[in-house]
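Q: The amino acid sequence is not available; the structure is as follows:
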């Protein structure tokens, strides 16, 4: 079981596979792939500020069909409790996404340098 950061979802949806590291590709191909609901919320924010053009649920449904992407249903209060113990970022999306993966020590596929430095199970290269 692995989790994807928001930018990875955007790149996969857009077919920008060349932006993914070999490690990221291997992890996606070899594991059940999940996202935090916070990724859906961040995608909505990106849509509203016109950084992406597809609706979050369109992207998630498409990736569910193509790679088996699932939205994790762990209780939100547990995620927030975990996020309270992660003071290394002020970005609420990064904090929730990393906290979600860390509940069970799962891998988070991300290119985000801050997450890679601070979440021990984050992977890219």
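A: Arrived safely, thanks for sending. Keep in mind it's a predicted model, so treat the numbers as computed, not measured.
Q: can you pull the pLDDT of residue 65?
A: Per-residue pLDDT puts residue 65 at 98.
Q: Same question for residue 48.
A: 98.
Q: separation between it and residue 8?
A: Distance, residue 48 to residue 8, by Cβ to Cβ, to the nearest Å: 20 Å. Every residue, glycine included, has its C-beta placed from N, CA and C.
Q: Please apply the same query to residue 125.
A: Per Cβ to Cβ, residue 125 is found 14 Å from residue 8.
Q: Poorly predicted segments of this protein, please.
A: By pLDDT under 70, the chain contains no weakly predicted segment.
Q: What are the boundaries of the helices in it?
A: 6-14, 22-30, 37-48, 56-67, 76-84, 92-102, 113-118 (DSSP state H).
Q: Look at residue 125 and residue 8 and report which has more neighbours.
A: When residue 125 and residue 8 are compared for neighbours, residue 8 comes out ahead with 26 against 8, by other Cβ atoms under 10 Å.
Q: what's near enough to touch that one?
A: Taking Cβ atoms under 8 Å, 6 or more residues apart in numbering, we find residue 8 in contact with 20, 24, 109, 110, 111.
Q: Looking at these, which is nearest residue 44?
A: Using Cβ to Cβ, residue 110 comes nearest to residue 44 of the contacts of residue 8, at 19.1 Å.
Q: Now that closest one. Nearest residue, chain neighbours left out?
A: What sits nearest to residue 110 in space, not counting adjacent residues and going by Cβ to Cβ, 6 or more residues apart in numbering, is residue 5, at 3.7 Å.
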